[in-house]
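Enquirer: Sequence and predicted model, in that order:
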Amino acid sequence: MRLEEILNDKKISTFRFDFFGHGESEGKFEEITTSEAVDDVLSAIQFLKESGYIKIGLVGSSFGGLASIITASKIKNLYVLALKSPVSDYESMAVEWNNKYEIKIWEEKGSIDVNGVDGERRRLNYSFYEDAIRINGYEAAKKIKIPTLIVHGEKDETVPIEQSQKTAGLIKNCRLETIKGGDHTYSKAEHFEKMLDLISRFIFEKS
């Protein structure tokens, strides 16, 4: 990951992990929920503390961005939060979900196939939806006091930029950087480099 390399070059240690059901982590992808992801982040932070790290920051993207928002609202000893195209409120996206996946059918079947950000089709249990609509990132954002940066693409087709605009207004010490023409994955090289530069510089400034 490029961000890791940039931070490591500046002597800033990084720690990445796979969420439950992702990559090399145990569990089935279809069983993931936002609450489970938050537990994963909290466990990772606890591991770092037990390993002797004191100054800990958090970087989250998309679904992981929401998990990071909730986590940052629960603990007081993070020093910085950086979010890339974060989801803040799944409930507000429910209408679009209903058009795409038909929520009632999802509930009846127990699971459906969805398109991931990477374009891959994956099965996802209805429990994800049930959990997601109970979690409000906006309420969590009000509790965050640490320096926060949100980077969001102007043309994000997955997570509306309006979510980050609202979240930025709720976090007391937050800056929103909009990447003109950027999509959810920053597929154009210049957008990707701009995103990396904004996040890395922000972390350097606060370190």
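Expert: The structure has been received and is ready for your questions.
Enquirer: Now do the SS call for the most far-flung residue of the chain relative to its centre.
Expert: Distance from the C-alpha centroid of the chain peaks at E108, with 28.6 Å (C-alpha atoms, centre = their mean). State at E108, reduced to three classes by DSSP: H, G, I helix; E, B strand; the rest coil: helix.
Enquirer: OK, contacts around it?
Expert: Shown in contact with E108 (C-beta atoms under 8 Å, 6 or more residues apart in numbering): no residues. All C-beta spots, glycine's among them, are computed from the backbone N, C-alpha and C.
Enquirer: I'd like to know how far it sits from V114.
Expert: 16 Å (C-beta to C-beta, to the nearest Å).
Enquirer: what do you get for R122?
Expert: Distance from R122 to V114, by C-beta to C-beta: 6 Å.
Enquirer: go on, I12?
Expert: Applying C-beta to C-beta to I12 and V114 gives a distance of 35 Å.
Enquirer: And M1, what's its pLDDT?
Expert: Listed pLDDT for M1 reads 76.
Enquirer: nearest residue to the residue nearest the centre of the chain other than its sequence neighbours?
Expert: Most central in the chain under C-alpha atoms, centre = their mean is G65, positioned 1.4 Å from the mean C-alpha point. Distances taken as C-beta to C-beta, 6 or more residues apart in numbering place P86 nearest to G65, at 2.4 Å, with adjacent residues excluded.
Enquirer: can you give me phi and psi for the one you found?
Expert: phi -80, psi 150 (degrees, to the nearest 10).
Enquirer: what's the helix or strand for F204?
Expert: helix 189-206 (DSSP states H and E).
Enquirer: To clarify, my last question referred to A168.
Expert: helix 161-170.
Enquirer: Check which residues of that helix are buried.
Expert: I161, Q163, S164, K166, T167, A168, L170 (16 or more other C-beta atoms under 10 Å).
Enquirer: Can you read off the pLDDT for the nearest residue to the second one once chain neighbours are set aside?
Expert: Closest residue in space to Q163, ignoring its immediate chain neighbours: S88 at 4.2 Å, by C-beta to C-beta, 6+ apart. Confidence per residue is given as pLDDT, and for S88 that number is 94.
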